[in-house]
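A.B. asks: Mind looking at a prediction? Sequence and model below.
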Amino acid sequence: MHISSRAQNIEPFYVMEVAKAASALAAQVAHTDAPMVFLNIGEPDFTAPPLVQAAADKAIRDGVTQYTAATGLPALRERISAWYGNRFGVDIAADRIVVTAGASAALHLACLALIEPGDEVLMPDPSYPCNRHFVSAAEGKAVLLETSAQERFQLSAAKVESAWGPRTRGVLLASPSNPTGTSIHPDELRRIHAVVRAKGGMTLIDEIYLALSHDDQFGHTALAIDDQIISINSFSKYFNMTGWRLGWMVVPPSLVPVIERLAQNLFICPSTIAQHAALACFEPESIALYEARRAEFKARRDYFIPALRELGFGVPVEPDGAFYVWADCSELCAKLELKSSWEFAFEVMNRTHVAMTPGRDFGTAQTAQFVRFSTASSMKQLETAVQRLRAMLSTV
Ligand SMILES: Cc1ncc(COP(=O)(O)O)c(C=O)c1O
């Protein structure tokens, strides 16, 4: 069968290969005294709060399960709009919000709406791999720009300005970022957007970890800067609803009908049940639970980073949000005579039953030196991981 070059050009998602190997090993060691600890998974160990579960249940029992508008339930768009006001102090009209099947569908729609074949989109290296692939699925080209710890592994205005070429269409940023958990400072973001606007390009920003911010200087939405910025968001991370497949995007008013037309044709609508359930995310009781969980994510970070450093990992920039730690394992690799973080992740996984994600997926610049840990597992799991890593690494 002929496979399109579009499909062939999508690289494998190596995270998934690691996850497959980790699951296979987990089955073998499940009943030993060292069952698998999964620090490779980028999703909260929490599930949706009781009110959200009850709302889903009610929607099913009441039979409120027909298609909704392609842009989502008006009531949900209103609740998201109110949340932007309460939480971030920005006034976002509900009719600029399009509810989607996760941030993934929003990214797909944005790329299809804005990218012509051959257009280039600038992104940081390292960054979330699927973002590159949404661009290539729209027949554009992701241009990865190497970033440094000094830049918080984010793009700067100067870098965007000097990388801008005749085919550049815009930037795709993520703040806080996966895999680094680091954000772009709002002043730098303002400068980046000014460069993009001056070039007539688009600023697309993935803010799916924004509500999981642990530092007030960074926890501001880019939407406060300009209503021409496109922001992607999701119920997956802060709202603990990964498998419910629900997210949203905020777009400039002129783009709403374009996205609506695409969404109608490609998806009809996001899951109706998930949308009814998500209305309950914004109840004070649910928000209180989400905030308690956010504090727990911060406590995990504050425990895990010093522990990693003591084990010999480098953490060049403290993550200010999300639940990831981008850790330099090059010194440990040298001691263990391993060539890369890929080999390191497998060696550690096989010897300690602790799974992490090698840097390979996230770019090409220094990714052979780095691994990504997810701290979305319980404190107890993190402590177990540290004990096992200490037992292994103290002998080298
Ligand atoms: C930066 C980033 N963007 C988008 C996504 C996709 O999220 P969703 O579950 O909302 O499709 C992820 C998932 O891990 C992510 O880390």
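C.D. replies: The structure has been received and is ready for your questions.

A.B. asks: Residue 176: what's it in contact with?
C.D. replies: Contacts were defined as C-beta atoms under 8 Å, 6 or more residues apart in numbering; by that measure residue 176 touches 182-183, 209-210, 212-213, 218, 319-322. Any C-beta I mention is one placed from the backbone N, CA and C, and that applies to glycine too.

A.B. asks: Quick one: which of those residues has the lowest pLDDT value?
C.D. replies: Among the contacts of residue 176, residue 218 carries the weakest pLDDT, at 94.

A.B. asks: That one touches residue 187, doesn't it?
C.D. replies: No - using C-beta atoms under 8 Å, residue 218 makes no contact with residue 187, being 11.0 Å away.

A.B. asks: Neighbour count for these two, which is higher?
C.D. replies: residue 218 (19 against 10; other C-beta atoms under 10 Å).

A.B. asks: Which elements pack onto the helix or strand hosting residue 256?
C.D. replies: If you go by DSSP states H and E, residue 256 is part of helix 256-267. If you count contacts as 3 or more C-beta pairs under 8 Å, 6 or more residues apart in numbering; DSSP states H and E, helix 256-267 packs onto strand 97-100, helix 102-114.

A.B. asks: Can you tell me which of those is nearest to the ligand?
C.D. replies: helix 102-114 (2.9 Å; C-beta to the nearest ligand atom).

A.B. asks: Give me the mean pLDDT for that closest one.
C.D. replies: Mean pLDDT, computed over helix 102-114, is 98.

A.B. asks: immediately after it, which helix or strand?
C.D. replies: Taking DSSP H and E, what comes next after helix 102-114 is strand 120-125.

A.B. asks: Parallel or antiparallel, list what pairs with that following strand.
C.D. replies: Its sheet considered, strand 120-125 pairs with strand 141-146 (parallel), strand 168-174 (parallel) by DSSP bridges.

A.B. asks: and that strand, how far from the chain's centre?
C.D. replies: With C-alpha atoms, centre = their mean, to the nearest Å as the basis, strand 120-125 stands 16 Å off its chain's centre.

A.B. asks: which residue ranges form the strands in the stretch 251-396 of the chain?
C.D. replies: Applying DSSP state E, counting those that start in this stretch to the stretch 251-396 of the chain gives strands spanning 324-328, 354-355, 357-358, 370-374.

A.B. asks: Residue 43 and the ligand, how far apart?
C.D. replies: Distance, residue 43 to the ligand, by C-beta to the nearest ligand atom, to the nearest Å: 7 Å.

A.B. asks: Assign that residue to helix, strand or coil.
C.D. replies: Going by DSSP: H, G, I helix; E, B strand; the rest coil, the secondary structure assigned to residue 43 is coil.

A.B. asks: picking up where we left off before, looking at the strands paired with strand 120-125, which is buried most?
C.D. replies: Counting by mean count of other C-beta atoms under 10 Å, strand 168-174 has the highest mean neighbour count of the strands paired with strand 120-125, with a mean of 25.

A.B. asks: can you tell if that strand touches the ligand?
C.D. replies: Yes - Strand 168-174 reaches the ligand (C-beta under 6 Å from any ligand atom) through residue 174.

A.B. asks: orientation of whichever helix or strand comes after that strand relative to strand 168-174 in degrees?
C.D. replies: Where DSSP H and E defines the elements, the next helix or strand beyond strand 168-174 is helix 186-198. Relative orientation of helix 186-198 and strand 168-174, computed by axes from the mean of the first three to the mean of the last three C-alpha atoms, to 10 degrees: 160 degrees.

A.B. asks: Name the residues that touch helix 186-198?
C.D. replies: Against helix 186-198 from outside (C-beta under 8 Å, 6+ apart): 154-157, 160-161, 164, 170-171, 173, 175, 184, 202-203, 205, 217-218, 220, 222, 224-226, 228-229.

A.B. asks: just the buried members of those?
C.D. replies: Among the contacts of helix 186-198, the ones that count as buried by 16 or more other C-beta atoms under 10 Å are 154-157, 160, 164, 170-171, 173, 175, 184, 202-203, 205, 218, 220, 222, 224-225, 229.

A.B. asks: In helices, which of those fall?
C.D. replies: Judged by DSSP state H, the buried ones among the contacts of helix 186-198 include 157, 160 as members of helices.

A.B. asks: and this protein, what are its domains?
C.D. replies: Domain assignment for the chain, taken from automatic domain parsing, gives 5-47+286-393, 50-283.

A.B. asks: Could you identify which of those domains is most buried?
C.D. replies: domain 50-283 (a mean of 20).

A.B. asks: so residue 314 makes contact with residue 327?
C.D. replies: Yes - counting by C-beta under 8 Å, residue 314 does reach residue 327; the two are 6.8 Å apart.

A.B. asks: what does the chain have sitting close to the ligand?
C.D. replies: Selection of the chain residues close to the ligand by C-beta under 6 Å from any ligand atom yields 42, 102-104, 128, 174, 178, 206, 208, 234, 236, 242, 247.

A.B. asks: So which of the helices and strands packed on helix 256-267 is nearest residue 294?
C.D. replies: For residue 294, the closest of the helices and strands packed on helix 256-267 is helix 102-114, at 18.3 Å, according to C-beta to C-beta.
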